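K.L.:
Sequence and predicted structure are below.
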Amino acid sequence: MTQAPETPSPALLEEMFVHTARSVSSDAGTLTLHGLNPSTLYFSDRPERVVGHMTTAQFVQMWSQGPNSFLEDPPNAVLSWVESGDDAPEDAVVVLRDPVAGEDAITYSIEVLDGAVPAEGGAVSLFIDPFGRPLSPVSVAGMRRRERRRDFRRF
């Protein structure tokens, strides 16, 4: 009996996402970025080195799509901010859930894993862990991702 040749597994593309905003506020269990940049940056590591932008609304829409989505497996994120007079930025590690995008803000339900999230703070960046997706030119996911990127790069 002849065995069929093995089909190589598609490469995984892991994109990290970044929100930047003018300020941050939080209370017990929520985090809000105010003065949010209208685009969410995404990038991947070697060997693909993919970089692009999507609107925050597109990022929130993508939250629950596909296998291994952020809805199924909420991402960790690092919140980094600078207080006036500080020599170095501060940071906290959180788990993000339930994004709600507003006109120039985004709010998440959070669980703090490390550090302390400020009640209020100045300029902020939120670095969101990636989720892996296949990068096969013949896979449905790969084809849809390329179409999505073409749409997201210019908004």
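P.N.:
In hand now; what should we look at?
K.L.:
Helices along this protein, start to end?
P.N.:
For the chain, the helices defined by DSSP state H occupy 56-62, 140-153.
K.L.:
Can you flag the weakest of these by average pLDDT?
P.N.:
Comparing mean pLDDT across the helices of the chain, the lowest value falls on helix 140-153: a mean of 41.
K.L.:
and the longest strand along the chain, which residues are buried?
P.N.:
For the chain, the strand with the greatest residue count under DSSP state E is strand 12-27. For strand 12-27, a neighbour-count test (16 or more other CB atoms under 10 Å) marks 13, 15-21, 23-26 as buried. Any C-beta I mention is one placed from the backbone N, CA and C, and that applies to glycine too.
K.L.:
Make JSON lines from these and add pLDDT to it.
P.N.:
Converted to JSON lines, those look like this (pLDDT from 0 to 100):
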{"residue": "13", "pLDDT": "56"}
{"residue": "15", "pLDDT": "80"}
{"residue": "16", "pLDDT": "88"}
{"residue": "17", "pLDDT": "93"}
{"residue": "18", "pLDDT": "96"}
{"residue": "19", "pLDDT": "96"}
{"residue": "20", "pLDDT": "96"}
{"residue": "21", "pLDDT": "97"}
{"residue": "23", "pLDDT": "94"}
{"residue": "24", "pLDDT": "95"}
{"residue": "25", "pLDDT": "95"}
{"residue": "26", "pLDDT": "96"}
